[in-house]
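could you look at this predicted model? Sequence included:
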Amino acid sequence: MDTEHARELLAAARARVEQALANAGVGEPAPDTEDGSGDDASELTAGGVDDAVAESLRDELAAIERAERRLADGTYGRSIESGDPIPDARLEASPWAERTVEEQARYAQGS
């Protein structure tokens, strides 16, 4: 993949994730019910979902940062596991990909 195109994809991904984190509103209280009592169960559930979404976004941002470092050091587009090339189609879909599809499947099964 062309370095400049990879840089553009990563910058767009970073902007999307940073905006999503800014918009997440994690930690904001849920609105009260009509009677003003609030709903503790739904507040806890919403807070848990918000926390999970924020954690996922932070993980994605960290992966983008690692990809930016690989781009800077000339190893972008190669698997961190085997050194094999990561197909451009995979990098187009997930510019922060660290492994080939097969390697990622094995890695995910081991987690």
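Perfect, thanks for sending it. Numbers count the residues shown, from 1 in each chain.

how many neighbours does residue 61 have?
18 (other CB atoms under 10 Å). Placement of C-beta: from N, CA and C, glycine included.

what's the spacing between residue 24 and residue 54?
5 Å (CB to CB, to the nearest Å).

number of residues surrounding the spatially closest residue to residue 7 that is not a sequence neighbour?
Leaving aside its sequence neighbours, residue 7 sits nearest to residue 71 (CB to CB, 6 or more residues apart in numbering; 6.4 Å). For residue 71, the neighbour count with other CB under 10 Å is 18.

hang on, isn't residue 71 packed against residue 5?
No. The pair residue 71 and residue 5 fails to qualify as a contact (CB atoms under 8 Å) at a distance of 10.8 Å.

now do the helices in this protein.
3-24, 40-73, 88-93, 101-110 (DSSP state H).

buried residues in the third one?
Applying a neighbour-count criterion of 16 or more other CB atoms under 10 Å, the buried positions in helix 88-93 are 90-91.

can you list contacts of that helix?
1, 6, 9, 77, 97, 100-101 (CB atoms under 8 Å, 6 or more residues apart in numbering).

hmm, which of these are the buried ones?
Judged by 16+ other CB under 10 Å, buried ones among these: 1, 6, 9, 77, 97, 100.

CSV for the helices of the chain, including distance to residue 81 and mean pLDDT?
As requested, the helices of the chain are arranged in CSV below (distance: least, CB to CB, whole Å; pLDDT from 0 to 100):
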stretch, distance to residue 81, mean pLDDT
helix 3-24, 19, 94
helix 40-73, 13, 80
helix 88-93, 14, 97
helix 101-110, 5, 95
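
in CSV: the contacts of helix 88-93, plus distance to residue 18.
Formatted as CSV, the contacts of helix 88-93 follow (distance: CB to CB, whole Å):
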residue, distance to residue 18
1, 23
6, 18
9, 15
77, 23
97, 19
100, 27
101, 27
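
closest to residue 62 among these?
residue 97 (13.7 Å; CB to CB).

you'd agree that closest one is up against residue 84?
No. With contact defined as CB under 8 Å, residue 97 does not reach residue 84; the gap is 11.9 Å.
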